[in-house]
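Build me a model from this:
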Amino acid sequence: MRLPSLVVLLGLALATATAAGMPRAVVAATPESIAVVADDGHTLTLWGKAPPAPKGTILLLHGRTWSARPNFDLQVAGTPRSVMDALVYAGYAAYALDQRGYGASPRDASGWLTPERAVGDVVAAAKVIRERHPGLPAPAVVGYSMGSVTAFFAAQQHPDAFSVLVLYGYPLDADGARLATLEPDATEPARAATTAEAAGEDFVVAGAAPPAVVEAYVAQALAADPVRVDWKNLAQFRLDPAKLTTPTLLLQGVGDGYVQPDAVATLFNRLGTPDRSWVVLPDSDHVAHVEDAMPAWVAAILGFIERPR
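Predicted coordinates:
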């Protein structure tokens, strides 16, 4: 049995994390667009990039405001920042889901996204990935920010759907009680416009990313998601860490203001799986995955997936 571990990364440089200098020619510039039909018949877009013979699959879930491609396939001239490219270069098939209403996935007729609907969509995407790679284990799922909450609940309800659970930038307390404060009062979706200020506000650690990266993230986020997605019925997230039996990695940037260290410590100690690790990345914040810490971010995830066991 693997013992729990807590790791603070103080400048990690691993061979699996050479994303900043990887050859761009080995990865397709534009990901494949894959249709995922949810159990209610709604069609979602799953973006995919894969090497010829992948050794595993990884499903990436974006956060509350910005969709898959700005987060996981960010294109910056002369400065590789695509998480998907880095994972492909390391030998994995990388998939990123535009959740309902985000990016290339339209809203449904209700105009709302709910936790139960989001979980159903994520499980449908995982099924498509398994069908595309029948000889490989179930995908690892990496949930970012609000996506980590969805990934948490999906793994809790469907423990066989994923081989590994990564909760990155987890923004809540251990059981999600703070979600009650986020429930909207409106009876109709607000469909509020997104802003450049909101797109750039998570870059808080000075010098963590070059200005060109911040500018590219803001531009690509606004282009992909001009309107904010509306969530409701957040109490459907009935989170219970004791019911998580999937091997779990907690991952955060040390300067991430959304992550409450005491809450994450409680979550870590209450996880139902003994196969768990908690990694804190230096010189980074809530967008470590596109900052200069990106190679260490990739290495932390691959190190957990490939851990001895």
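
all helices of the protein, in order?
68-72, 83-89, 115-132, 146-157, 196-200, 211-224, 261-270, 294-305 (DSSP state H).

Show me what the last one is packed up against.
Read it as helix 294-305. strand 56-61, helix 83-89, strand 140-144, strand 164-168, strand 248-253, strand 276-281 (3 or more CB pairs under 8 Å, 6 or more residues apart in numbering; DSSP states H and E). Any C-beta I mention is one placed from the backbone N, CA and C, and that applies to glycine too.

per-residue pLDDT, Val280?
Looking at Val280, its pLDDT is 97.

now it: how far from Met294?
15 Å (CB to CB, to the nearest Å).

So these two - more neighbours on which side?
Neighbour totals were compared for Val280 and Met294, and Met294 leads with 25 against 22 (other CB atoms under 10 Å).

if we can go back for a sec, now render the helices and strands packed on helix 294-305 as CSV, adding distance to Gln156.
CSV is the format used below for the helices and strands packed on helix 294-305 (distance: least, CB to CB, whole Å):
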stretch, distance to Gln156
strand 56-61, 14
helix 83-89, 25
strand 140-144, 12
strand 164-168, 9
strand 248-253, 11
strand 276-281, 14
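
Those: which one's closest to Leu239?
strand 164-168 (10.8 Å; CB to CB).

Contacts for that closest one, please.
Outside of strand 164-168, the residues within contact range by CB atoms under 8 Å, 6 or more residues apart in numbering are 140-145, 148, 151-152, 155, 244, 246-252, 267, 289, 297, 301, 304-305.

Return a PyMOL selection command for the buried portion of those residues.
Of the contacts of strand 164-168, the buried ones go into a single PyMOL selection, burial set by 16 or more other CB atoms under 10 Å:
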select buried, resi 140+141+142+143+144+145+148+151+152+155+244+246+247+248+249+250+251+252+267+289+297+301+304+305
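
And the helices and strands packed on helix 294-305: which comes nearest Val229?
Once the helices and strands packed on helix 294-305 are compared by CB to CB, strand 56-61 is nearest, at 13.4 Å.

how many degrees apart are the closest one and strand 164-168 in direction?
40 degrees (axes from the mean of the first three to the mean of the last three CA atoms, to 10 degrees).

before we move on, the earlier item: okay, the helices of the chain in TSV with mean pLDDT and distance to Ala174 next?
Below are the helices of the chain laid out as TSV (pLDDT from 0 to 100; distance: least, CB to CB, whole Å):
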stretch	mean pLDDT	distance to Ala174
helix 68-72	98	25
helix 83-89	97	27
helix 115-132	98	17
helix 146-157	98	10
helix 196-200	98	27
helix 211-224	98	29
helix 261-270	95	4
helix 294-305	98	20
